[in-house]
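Asker: Sequence plus the predicted model coming up.
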Amino acid sequence: MSVGSVKVVSHLFESLAAGDIDAMVANFHPDIVVKEADNLPFGGLHQGVKAFREDLLGGIAAGADLVVSDREMMDTGGDVVVVRMIGTFTSKHTGRTVRMPMVELWKVEDGQITEIDVFYKDVTEMAKLYEER
């Protein structure tokens, strides 16, 4: 992994915190693949920038507000950046908050993010939060 790969992923998180979705996807490969747990409302495989923006981000935002904290990036020695963090999800329907430890695997090739694989510590709790009305 190069320092450049870490910078690419860091930039995305900074853009997310600022609410700048255009900047967030600026380093995405056009055919990016994002994998989420199948049992979540926004779960499954999302391919392409449009699917990421509309289906994934739209699905997450429809049910909860998200704040990312305690982010740590780890060097794998290859083209993958491992990101460990806490995602704090607050339900837009009930106001209940879940602090979820998460790990994401980010594949970066030639300065572009080509794949993101997302893992939640307790995917069942995430599904419950999104089911609440």
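Answerer: Yep, it's here.
Asker: ok, and what's touching stretch 71-82?
Answerer: With CB atoms under 8 Å, 6 or more residues apart in numbering as the test, stretch 71-82 has contacts from 1, 5-6, 9-10, 13, 83-85, 103-109. (Glycine included, C-beta is placed from N, CA and C.)
Asker: What ranges in this structure fall below the confidence cut-off?
Answerer: Applying pLDDT under 70 to the chain flags the ranges 1-3.
Asker: give me the element the residue nearest to the spatial centre of it is part of.
Answerer: The chain has residue 118 as the residue nearest its centroid, 6.5 Å off, counting by CA atoms, centre = their mean. Per DSSP states H and E, residue 118 falls inside strand 112-120.
Asker: buried set for the following helix or strand past that strand?
Answerer: As assigned by DSSP H and E, the chain's next helix or strand after strand 112-120 is helix 123-131. Neighbour counts over helix 123-131 (16 or more other CB atoms under 10 Å) mark 123, 126, 129, 130 as buried.
Asker: residues near residue 116, how many?
Answerer: 22 (other CB atoms under 10 Å).
Asker: Kindly report the same for the one 5 residues further on.
Answerer: Each residue near residue 121 was counted by other CB under 10 Å, and the total is 13.
Asker: got a list of what it touches?
Answerer: With the criterion set at CB under 8 Å, 6+ apart, residue 121 makes contact with 100, 101, 102.
Asker: What does it show for phi and psi?
Answerer: For residue 121, the backbone dihedrals (degrees, to the nearest 10) come out as phi -60, psi -40.
Asker: Quick check: it vs residue 133, distance?
Answerer: Distance of residue 121 to residue 133, given as CB to CB, to the nearest Å: 24 Å.
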